[in-house]
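Q: here is my input, please return the structure:
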Amino acid sequence: MYIDMKRKISGVITGTLMLSGIALFSACSGKSETNTEEVAEKALVKTALVAEEQVEQLATFSASIEAFEKAYISSAQPVRIERIMKEVGDYVRKNDVLVQMDASNFRQAQTQLEMLEKEYARMDTLYAVGSVSLQQLDQLKSQLDVARNSYANLVENTQLRSPISGIVTGRFYEDGEMFSMTPVANGRSAILTVEVIDPVKVTVNMGEQYFPRIDKDIEVSLALDVYSGKTFEGSVHIKYPTIDVNTRTFTVEMTFPNQEGLIRPGMFGRVTLVFGELERVVVPDLAVVRQQGINENYVFVVENGRAVRRTIKTGRLIGNHYEVIEGLNGGEEVVVAGQSRLLDGTEVEVQK
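A: Sure thing, here's the model as predicted:
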């Protein structure tokens with residue numbers, strides 16, 4: 001009896017201790033979870049308000065510089081070159097003689113023309129007194145016209161003159177060589193090339209969406225890679241009237257004064273056109289996060305104490321702000337510092 005009673009009492013005590021331990025463990029465990037929730041920290045961030053501002057509407061296009069005008073100095077016949085009067089880099093004026101070709105054919109044609117003119121004068125006198133018929137006079141007149149045209153053509157092709165004022169930019173023959181008429185410059189035969197480089201020209205193909213916004217004389221700025229930080233001002237010279245059905249683009253020619261000669265054909269740069277101003281949403285550049293690999297930009301917008309990830313479409317970078325094409329509204333609050341600790345929906349505390 002005593003042993004059984006002792007075992008029962010011992011069992012009751014053991015059970016009681018076990019229940020007490022379980023209860024104590026549960027209580028401690030619940031208190032730990034509560035403390036964890038209580039001490040969970042919000043992500044500390046800095047924010048800024050999205051603004052709306054008047055923003056210049058710009059379009060920028062890559063461009064190569066071209067001469068405003070280009071002339072290919074050549075003869076209409078394969079003739080020996082007697083003398084080239086100008087070198088590459090020389091400035092020439094319109095109608096200056098640049099090349100003297102072999103004149104033997106020219107002198108022969110000149111002699112023949114003089115003889116025919118004398119003969120025609122004699123025949124005309126005889127016709128007046130009835131000694132020759134009108135048919136004879138007309139036949140001689142036809143020969144004289146042919147000789148005059150041949151002589152004029154030889155004059156033009158013996159002394160080669162510049163049709164424009166500009167700079168000699170290419171020389172492809174030497175004195176005494178035979179002009180072969182073989183293409184040497186852009187598929188053209190030439191002894192010399194002359195280019196107008198004041199002004200210079202830029203030709204750009206633009207998407208059809210710009211067609212209603214382009215007019216002649218619109219101001220244009222040009223930035224060249226070789227002149228960092230320097231811009232040149234020009235204007236639209238020609239707007240082509242049709243759209244290419246294959247590319248949906250149209251051609252625009254722009255000109256830029258070049259009195260100092262700093263701009264040269266072949267240089268590469270960018271032309272920028274201004275189409276006025278529109279009210280746009282702008283956001284600090286610090287707020288914009290770039291998603292690697294997919295070329296996507298996003299920001300975190302603070303809504304009801306939480307960071308909400310939102311994809312945006314950005315335009316130009318203006319100073320330290322991005323123009324926002326879509327995705328944000330003026331007055332919204334965006335995170336500008338602390339984004340690395342954020343996920344979509346993270347609770348945040350804004351640092352003042």
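Q: which residue ranges of the stretch 201-350 of the chain form strands?
A: Applying DSSP state E, counting those that start in this stretch to the stretch 201-350 of the chain gives strands spanning 219-224, 231-239, 249-256, 268-284, 289-291, 296-303, 306-318, 321-326, 333-337, 346-350.
Q: the spatially most central residue of the chain pairs with what?
A: Nearest to the mean C-alpha position of the chain, by C-alpha atoms, centre = their mean, lies residue 62 at 1.6 Å. Beta-bridge pairing for residue 62 (DSSP bridges): residue 270.
Q: swap in the one 4 residues further on?
A: Listed by DSSP bridges, the beta-bridge partners for residue 66 are residue 201.
Q: for the nearest residue to residue 71 once chain neighbours are set aside, give me the pLDDT.
A: Spatial nearest neighbour of residue 71, excluding adjacent residues (C-beta to C-beta, 6 or more residues apart in numbering): residue 194 at 4.6 Å. Any C-beta I mention is one placed from the backbone N, CA and C, and that applies to glycine too. Looking at residue 194, its pLDDT reads 97.
Q: what about the nearest residue to residue 63 once chain neighbours are set aside, neighbour count?
A: Take residue 63 and drop its neighbours on the chain: the residue closest to it by C-beta to C-beta, 6+ apart is residue 202, 4.5 Å away. Burial of residue 202 is recorded as 25 neighbouring residues (other C-beta atoms under 10 Å).
Q: mind checking how far residue 202 is from residue 148?
A: 44 Å (C-beta to C-beta, to the nearest Å).
Q: ok, now residue 117?
A: Taken as C-beta to C-beta, the span from residue 117 to residue 148 is 9 Å.
Q: can you add distance to residue 169 and mean neighbour count and give the strands of the stretch 201-350 of the chain back as JSON lines?
A: Listed next are those as JSON lines, based on distance: least, C-beta to C-beta, whole Å; neighbours: other C-beta atoms under 10 Å:
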{"stretch": "strand 219-224", "distance to residue 169": "18", "mean neighbour count": "18"}
{"stretch": "strand 231-239", "distance to residue 169": "20", "mean neighbour count": "16"}
{"stretch": "strand 249-256", "distance to residue 169": "18", "mean neighbour count": "19"}
{"stretch": "strand 268-284", "distance to residue 169": "18", "mean neighbour count": "16"}
{"stretch": "strand 289-291", "distance to residue 169": "45", "mean neighbour count": "13"}
{"stretch": "strand 296-303", "distance to residue 169": "46", "mean neighbour count": "19"}
{"stretch": "strand 306-318", "distance to residue 169": "37", "mean neighbour count": "16"}
{"stretch": "strand 321-326", "distance to residue 169": "42", "mean neighbour count": "19"}
{"stretch": "strand 333-337", "distance to residue 169": "53", "mean neighbour count": "19"}
{"stretch": "strand 346-350", "distance to residue 169": "64", "mean neighbour count": "16"}
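Q: surely the residue nearest to the centre of the chain touches residue 225?
A: No. Under the criterion of C-beta atoms under 8 Å, residue 62 is not in contact with residue 225, lying 10.4 Å apart.
Q: what's the overlap in contacts for these two?
A: 268-269 (C-beta atoms under 8 Å, 6 or more residues apart in numbering).
Q: can you tell me the closest non-neighbouring residue to residue 344?
A: residue 309 (4.0 Å).
Q: the one you found contacts residue 300, doesn't it?
A: Yes. The criterion here is C-beta under 8 Å, and residue 309 meets it with residue 300 at 5.8 Å.
Q: okay, and the common contacts of those two?
A: residue 342.
Q: buried residues in stretch 86-106?
A: By 16 or more other C-beta atoms under 10 Å, the buried positions in stretch 86-106 come out as 86, 90, 92, 98-99, 101-103, 106.
Q: next: stretch 185-201.
A: Quick answer for stretch 185-201 (16+ other C-beta under 10 Å): 185, 189-201.
Q: now do the end-to-end distance for that stretch.
A: 19 Å (C-alpha to C-alpha, to the nearest Å).
Q: how far away is residue 219 from residue 254?
A: On the measure of C-beta to C-beta, residue 219 and residue 254 end up 10 Å apart.
Q: find residues that contact each of those two.
A: 234-235.
Q: would a markdown table of the strands of the stretch 201-350 of the chain with distance to residue 162 and mean pLDDT be doable?
A: Shown next, in a markdown table, are the strands of the stretch 201-350 of the chain (distance: least, C-beta to C-beta, whole Å; pLDDT from 0 to 100):
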| stretch | distance to residue 162 | mean pLDDT |
| --- | --- | --- |
| strand 219-224 | 27 | 94 |
| strand 231-239 | 23 | 95 |
| strand 249-256 | 21 | 96 |
| strand 268-284 | 28 | 88 |
| strand 289-291 | 55 | 88 |
| strand 296-303 | 55 | 93 |
| strand 306-318 | 45 | 90 |
| strand 321-326 | 49 | 90 |
| strand 333-337 | 62 | 94 |
| strand 346-350 | 73 | 91 |
